[in-house]
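> Pasting the sequence and the predicted coordinates here, then a few questions.
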Amino acid sequence: MGSSKLIDNFGRVHNNLRISVTDRCNLRCVYCMPENVQFLDSKELLSFEEINAFVNIAVTRGINKVRLTGGEPLLRRDLHKLVEYLSKIEQIQDISLTTNGMLLTNQAKALKEAGLKRITISLDTLIPDRFQDLCKRDGLEQTLEGIDAAINLGFQNIKLNSVCIKGINDDEVENLAKFAREKQIEIRFIEYMPIGANPWEKAKVLLAHEILEKIDSAISPLIPAGNYDPMAPAMEFIYEDGKGKVGIIASVSKPFCKSCNRIRITAEGKLRNCLFALEETDIKPFLRPNLNAEGILKALDYNISSKWPGHQFNTNDFIKPNRTMHAIGG
Ligand code: SAM
Ligand code: SF4
């Protein structure tokens, strides 16, 4: 079995794998997915055993960080069992989860016991009616309970993800930041990207500098954090008074493609070397009915070697992928 790293044609080393465990969701956030979706049949999803087999091979090529996502990953029954499998893989140094938090209250303990280290919870509004408008379902209370459950269980590294869109929830940046500061957790604002079902307009993107200005004037000045990971997508800031951290994922105004170290696998086993990739590499034939490790390695190499320098959504050449975010794994 090969042992070289996953290095693309631009010298980027890939150690970070995002695993989507389902395309289903209990919300319908307008920036992410359409209301009516033909979801994958459950037989099409990779089983936990298949995901585990894949990760065991990917680690021989340097993958050492995994994030579980979806769709809503907590809709996948017994997700903690997958966490348990992955936490037994020696090379994996970091297992994290991105969730909308709605089902976290009941699952957080089992996930922690299984070895989950970090949780990121998405929260775009603190106004119940707006939650309904933005996510097309009721759920703010459940999400807030999920956040508290994670805090009370002592998860060390809880983060909030917020997508703020002009004219929709950009007036909540300050309150969301205050909420996170009071809870003593980090909040990350993600610039709105063209990957959802609704028509994207650049004019609606609340840009990194606008987010920072709002927080600076409403709460406290922010200063760049000293020692953040340059490979990480978020620019990190700390409040001048030392009480809290804010991250900005400026995918639109300051793309981080040059330092991208991520690959993704969709719930049905398609490798994607970019969120915005137009081509995928199917690995299911190498997992089902029998494991073919050589095939998986070749598929990984092929996928990485065909990675482009970066997404094009600031240019006229941008082509929106067929999949919306929920079916990719954000
Ligand atoms: N359901 C889980 C959740 O919401 O956290 C995990 C999957 S969701 C696709 C992962 C992240 O992608 C969420 O934080 C969500 O806000 C973000 N996201 C979805 N669509 C987006 C878009 N068009 N632009 C920026 N971020 C987006
Ligand atoms: Fe579901 Fe997450 Fe997409 Fe919202 S952002 S619709 S919670 S997958």
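Yep, that arrived. This structure is a prediction, so every number in the text was calculated from the model and none was measured. Ligands and ions are numbered 1, 2, ... in the order given.

> Can you show me the helices along the chain?
For the chain, the helices defined by DSSP state H occupy 48-58, 79-87, 104-114, 128-135, 140-152, 173-183, 208-218, 293-305.

> Save the ones you listed as CSV, and put in distance to ligand 2 too.
Just so you know, the C-beta spots here come from the backbone N, C-alpha and C atoms, and that holds for glycine as well. Below are the helices of the chain laid out as CSV (distance: least, CB to the nearest ligand atom, whole Å):
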stretch, distance to ligand 2
helix 48-58, 18
helix 79-87, 14
helix 104-114, 12
helix 128-135, 6
helix 140-152, 9
helix 173-183, 15
helix 208-218, 18
helix 293-305, 23
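
> Turn those helices into TSV, columns for distance to S162.
Compiled in TSV, the helices of the chain are given as follows (distance: least, CB to CB, whole Å):
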stretch	distance to S162
helix 48-58	28
helix 79-87	23
helix 104-114	17
helix 128-135	11
helix 140-152	12
helix 173-183	5
helix 208-218	9
helix 293-305	31
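
> Throw those into JSON lines and include distance to V21 and mean pLDDT, thanks.
Formatted as JSON lines, the helices of the chain follow (distance: least, CB to CB, whole Å; pLDDT from 0 to 100):
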{"stretch": "helix 48-58", "distance to V21": "7", "mean pLDDT": "98"}
{"stretch": "helix 79-87", "distance to V21": "7", "mean pLDDT": "98"}
{"stretch": "helix 104-114", "distance to V21": "12", "mean pLDDT": "98"}
{"stretch": "helix 128-135", "distance to V21": "20", "mean pLDDT": "97"}
{"stretch": "helix 140-152", "distance to V21": "17", "mean pLDDT": "98"}
{"stretch": "helix 173-183", "distance to V21": "26", "mean pLDDT": "98"}
{"stretch": "helix 208-218", "distance to V21": "30", "mean pLDDT": "96"}
{"stretch": "helix 293-305", "distance to V21": "18", "mean pLDDT": "97"}
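
> Same list (those) but as JSON lines, adding mean neighbour count and distance to ligand 1.
Formatted as JSON lines, these follow (neighbours: other CB atoms under 10 Å; distance: least, CB to the nearest ligand atom, whole Å):
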{"stretch": "helix 48-58", "mean neighbour count": "21", "distance to ligand 1": "16"}
{"stretch": "helix 79-87", "mean neighbour count": "20", "distance to ligand 1": "12"}
{"stretch": "helix 104-114", "mean neighbour count": "18", "distance to ligand 1": "10"}
{"stretch": "helix 128-135", "mean neighbour count": "17", "distance to ligand 1": "9"}
{"stretch": "helix 140-152", "mean neighbour count": "19", "distance to ligand 1": "10"}
{"stretch": "helix 173-183", "mean neighbour count": "18", "distance to ligand 1": "12"}
{"stretch": "helix 208-218", "mean neighbour count": "17", "distance to ligand 1": "13"}
{"stretch": "helix 293-305", "mean neighbour count": "18", "distance to ligand 1": "21"}
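
> Read off the pLDDT value for the closest residue to A225 other than its chain neighbours.
Of all residues not flanking A225 in the chain, E236 sits nearest, at 3.9 Å (CB to CB, 6 or more residues apart in numbering). As predicted, E236 sits at a pLDDT of 94.

> D129 versus H209, what's the distance?
Computed with CB to CB, to the nearest Å, the distance linking H209 and D129 is 29 Å.
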